[in-house]
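Asker: here is my input; please provide its structure:
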Amino acid sequence: MSTSEDDEQSFGDASGRELQRNLTNRHIQLIAIGGAIGTGLFMGSGKTIATAGPSILLVYLIIGSALFLFMRAMGEILLSDKRYGTFADIIRHFLGPTMGFVMGWTYWLCWVVTGIADVVAITGYVRFWFPNLSAWIPVLATALLLFTLNAMTVKAFGETEFWFAMIKIVAIIALIVVGVVMIAIGMRDSNGTAAAVSNLWSHGGLFPTGLSGFLGGFQIAVFAFVGIELVGTTVAETSNPTQTLPKAINSIPVRVVLFYICSLAVIMMVTPWDQIDKTQSPFVTMFSMTGLGAAASLVNLVVLTSAASSANSGIYSTSRMLFSLSLQGDAAPFFGRLSKHHVPQNALFLSCVFLLSAAVLLAFGDSILSVFTVVTSMSATLFMVVWVLIVIAYLFYVRRYPNKHRSSTFQLPGGVFSAWLFIAFIAAVVVVLSLDMESLQGLLMSAAWMVGITVVGVIRRHRSLVRRGRTSLSA
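Answerer: Residues are numbered from 1 along each chain as shown. Okay, here's the model as predicted:
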């Protein structure tokens, strides 16, 4: 492949050729925020607090900082050439068609698995009101709802996700405000413990569970950030990506501090970390302490909406990725067809069908939390593979197009050094994931997938080259 600055290899056009650019700045900003506030925060934060104690705040700060570097790397490449429709085009251009095939299908599976985890979480939230309800009912209802929402126009998806994300933001800000009031008045919980800032360090210090607990906090915390790259799949349907993408990415540090660190700090000030029930959402638990009968139900509805929002974004993303794979010849042509609303409806239908497997997992799993942990571990690992591939593509981009890199108005701070730092961080997180039996299961399933899909990709590429060779000989 040519390394010239004038390399005109075809990419990007196919993935965005017929999709409509109807997502505006406010859609992208809220989609970005929604992607950064995942189910892992609402559903998994109880377990992360129980595992790491107050040191979980540092865990979220480290992960957020690392992913900000990743997003800047992705943003720099996406804005370097308007032909990039999604980050799938980046992988295909810099790492070749085989890795494009592998990444495309892996990202599709990422969101299918994440969607399953979200549906599992939704089932748990529904059982807050209906404890004896059969699992298949909320699973089927969620799949049908997501198909309906995404079968409409992309603008309708943008509006839906805008309001879903707005609900999350209002809920977290309300939690922080209510928590601050509880701390100010010294409100006592059922154990007689008064809400106070000192609760952060008066129950064993900032690292009460030691290094092992601190490292263990990364297992669920990483999943809380999956979807942060979602704006990288909306480029082909964004009206002005040059302005909206940098704004969305540059706001990540503020979002991490406000939505993760502030909210969890307040929760642990109100209820000491060692008194938080890891099987329950601490957001629901804290609001139930207000004494208002409807408070817990209202917050449970909010976190249910959050899970639905995450699943909604995931189904959007999987349908676009499968559509792109079809146009590249890596999936059946059937999935490359658009409905009259310019939505890849066939790809959307397949993704929604896979969500139904959540009912099977719940039927055979020990508990909702254990199923959620295994599924999220697999999801987080697959997302990390995608993130690393994008950063590796960034390294190729810097070497192949040094002039574009130097003239970029949206450079990755630290350049190549930051890219390698991010890769080293992800490698360390994988090691940490292997230390826990539940997350190890997800890790092994992810490894099996990567081996299998890579073998399929290599075989497909080999057959394509053989056919091409035969065609040229016959000509």
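Asker: SS state for G457?
Answerer: helix (DSSP: H, G, I helix; E, B strand; the rest coil).
Asker: contacting residues for G75?
Answerer: Going by Cβ atoms under 8 Å, 6 or more residues apart in numbering, G75 touches G232, L245, P246, I249, F410. All C-beta atoms are positioned from the backbone trio N, CA, C, and that covers glycine.
Asker: next, count neighbours for the fourth one.
Answerer: So the one you mean is I249. 24 (other Cβ atoms under 10 Å).
Asker: and if you look at the second one?
Answerer: Number of residues near L245 (other Cβ under 10 Å) recorded here: 24.
Asker: please apply the same query to the third one.
Answerer: Residue crowding around P246 was assessed by other Cβ under 10 Å; the count is 16.
Asker: wasn't it part of a strand?
Answerer: No - P246: not assigned to a strand; according to three-state DSSP it is helix.
Asker: please tell me I have it right and it contacts L78.
Answerer: No - under the criterion of Cβ atoms under 8 Å, P246 makes no contact with L78, lying 10.1 Å away.
Asker: what's the closest of the contacts of G75 to L435?
Answerer: G232 (30.2 Å; Cβ to Cβ).
Asker: isn't V416 up against F396?
Answerer: No - the pair V416 / F396 is not scored as a contact, 11.0 Å apart, by Cβ under 8 Å.
Asker: nearest to L109 among the contacts of G75?
Answerer: G232 (16.9 Å).
Asker: confidence score at the closest one?
Answerer: As predicted, G232 sits at a pLDDT of 64.
Asker: so that it lines up with my notes, have the first residue be 30 from now on.
Answerer: Shifting the count to begin at 30 puts that one at G261.
Asker: show me where the stretch 330-479 of the chain has its helices.
Answerer: With DSSP state H, counting those that start in this stretch as the criterion, the stretch 330-479 of the chain has helices at 374-384, 386-393, 397-429, 431-436, 444-462, 466-503.
Asker: tell me the mean pLDDT over the fourth one?
Answerer: Helix 431-436 shows a mean pLDDT of 90.
Asker: same question, stretch 485-500
Answerer: Mean predicted lDDT for stretch 485-500 stands at 77.
Asker: same thing with stretch 213-221?
Answerer: What stretch 213-221 shows for mean pLDDT is 80.
Asker: next, the buried residues of it.
Answerer: Within stretch 213-221, the residues that count as buried by 16 or more other Cβ atoms under 10 Å are M216, D218.
Asker: quick one: contacts of that stretch?
Answerer: A223, A224, A225, V299, T300, Q304, M318.
Asker: ok, the fifth one touching F312?
Answerer: No - with contact taken as Cβ under 8 Å, T300 and F312 are classed as non-touching, separated by 11.4 Å.
Asker: mind listing what V459 touches?
Answerer: Contacts of V459 (Cβ under 8 Å, 6+ apart): T410, M413, L472.
Asker: tell me how far it lies from S231.
Answerer: 34 Å (Cβ to Cβ, to the nearest Å).
Asker: what's the answer for V404, then?
Answerer: For V404, the distance to S231 - Cβ to Cβ - is 35 Å.
Asker: mind pulling up the pLDDT for the closest residue to V487 other than its chain neighbours?
Answerer: Closest residue to V487 apart from its sequence neighbours, by Cβ to Cβ, 6 or more residues apart in numbering: T127 at 6.1 Å. You'll see T127 listed with a pLDDT of 89.
Asker: cool, the one 3 residues further on as well?
Answerer: F130 is assigned 89 on the pLDDT scale.
Asker: so how far is S348 from it?
Answerer: Going from F130 to S348 by Cβ to Cβ gives 18 Å.
Asker: of those two, which one has the most company?
Answerer: A count of neighbours by other Cβ under 10 Å puts S348 above the other of F130 and S348, at 28 against 25.
Asker: any weak-confidence spans in the stretch 80-229 of the chain?
Answerer: 114, 183 (pLDDT under 70).
Asker: all helices for it, in order.
Answerer: 85-109, 116-124, 126-155, 165-180, 183-214.
Asker: rebuild these as a markdown table, extending it with distance to I455.
Answerer: Formatted as a markdown table, the helices of the stretch 80-229 of the chain follow (distance: least, Cβ to Cβ, whole Å):
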| stretch | distance to I455 |
| --- | --- |
| helix 85-109 | 8 |
| helix 116-124 | 16 |
| helix 126-155 | 14 |
| helix 165-180 | 29 |
| helix 183-214 | 26 |
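Asker: out of these, which gets nearest to L333?
Answerer: The nearest among these, by Cβ to Cβ, is helix 126-155 at 4.0 Å.
Asker: buried ones in that closest one?
Answerer: So helix 126-155, judged by 16+ other Cβ under 10 Å, has buried residues 126-155.
Asker: repeat for stretch 115-127
Answerer: Those would be T115, F116, A117, D118, I119, I120, R121, H122, F123, L124, P126, T127, for stretch 115-127 by 16+ other Cβ under 10 Å.
Asker: S339 against T143, yeah?
Answerer: Yes - between S339 and T143 there is a contact at 6.9 Å, judged by Cβ under 8 Å.
Asker: which residues do those two both contact?
Answerer: Between them, S339 and T143 share the contacting residues G256, judged by Cβ under 8 Å, 6+ apart.
Asker: residues contacting T314?
Answerer: Counted by Cβ under 8 Å, 6+ apart, T314 has contacts G75, T300, I305, D306, A325.
Asker: which helix or strand contains it?
Answerer: Using DSSP states H and E, the element containing T314 is helix 311-317.
Asker: name the nearest residue to R489, ignoring sequence neighbours.
Answerer: Nearest to R489 is F130, by Cβ to Cβ, 6+ apart, at 6.6 Å.
Asker: contact partners for L469?
Answerer: S406, L462, S463.
Asker: tell me the pLDDT of G320.
Answerer: Reported pLDDT for G320: 64.
Asker: ah, wrong one, I meant F312
Answerer: 74.
Asker: shouldn't it be in contact with L204?
Answerer: Yes - counting by Cβ under 8 Å, L204 is a contact partner of F312 at 6.1 Å.
Asker: joint contacts of these two?
Answerer: With Cβ under 8 Å, 6+ apart as the test, F312 and L204 both reach S292, I296, V328.
Asker: between the residues you listed, which is nearest T182?
Answerer: V328 (31.5 Å).
Asker: where's the closest one relative to F254, distance?
Answerer: Separation of V328 from F254 (Cβ to Cβ): 22 Å.
Asker: CA-only coordinates of stretch 361-370 in PDB, if you can.
Answerer: What follows is stretch 361-370, C-alpha atoms only, in PDB (Å, rounded to 0.1, in the frame of the first residue of the first chain):
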ATOM      1  CA  ALA A 361     -24.500 -10.500   3.500                       C
ATOM      2  CA  PRO A 362     -25.900  -7.900   1.000                       C
ATOM      3  CA  PHE A 363     -29.200  -8.400   2.800                       C
ATOM      4  CA  PHE A 364     -27.900  -6.200   5.700                       C
ATOM      5  CA  GLY A 365     -26.900  -3.400   3.400                       C
ATOM      6  CA  ARG A 366     -30.400  -2.400   2.500                       C
ATOM      7  CA  LEU A 367     -32.000   0.700   3.900                       C
ATOM      8  CA  SER A 368     -35.700   1.200   4.800                       C
ATOM      9  CA  LYS A 369     -37.700   4.100   3.400                       C
ATOM     10  CA  HIS A 370     -36.500   6.000   6.500                       C
END
